[in-house]
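> Sequence and predicted structure below; questions after.
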Amino acid sequence: MRHTLKISEETAALAGEMLFGCQNCSTEADTPFEGVFRQLAGQGSDADYVWVVPAHCPICDAAVTPSTLVEPARAVELAS
Ligand SMILES: [Zn+2]
């Protein structure tokens, strides 16, 4: 059974800080942000996330949506 989790503005800001870059500013951005966030949240693939506000890239400040390609920070890569 799928459940829906609402992503608060605060959580979106935290998630943005986990990135090294996005498709706008990094040539190594090849992971959809939603996939990175699912790892961070530890909820697996059975949850639908509803973003109240978009996260923002810490490098170029572009809006990062769940489908935006991003470059995860090293800590995230190690956790996968
Ligand atoms: Zn960026």
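Ah, there it is. Not measured: the values here are computed from a predicted model. Numbering: from 1, shown residues only.
> Going by C-alpha atoms from here, please, whenever you check contacts or count neighbours.
Fine.
> Quick check: residues of this structure near the ion?
21-22, 24-25, 57, 59-60 (Cα under 5 Å from the ion).
> who wins for most neighbours among these?
residue 22 (29 neighbours; other Cα atoms under 10 Å).
> What residues does that one make contact with?
By Cα atoms under 8 Å, 6 or more residues apart in numbering, the residues touching residue 22 are 29, 57, 62, 64, 68-71.
> Switch the residues of the chain next to the ion over to CSV; also include secondary structure and pLDDT.
CSV is the format used below for the residues of the chain next to the ion (DSSP: H, G, I helix; E, B strand; the rest coil; pLDDT from 0 to 100):
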residue, secondary structure, pLDDT
21, strand, 95
22, strand, 96
24, coil, 97
25, coil, 97
57, coil, 93
59, coil, 93
60, coil, 96
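> And those residues, which is closest to residue 4?
For those, the minimum distance to residue 4 (Cα to Cα) is 24.2 Å, reached by residue 57.
> from memory the closest one sits against residue 15, does it?
No. If you go by Cα atoms under 8 Å, residue 57 and residue 15 don't touch, sitting 9.4 Å apart.
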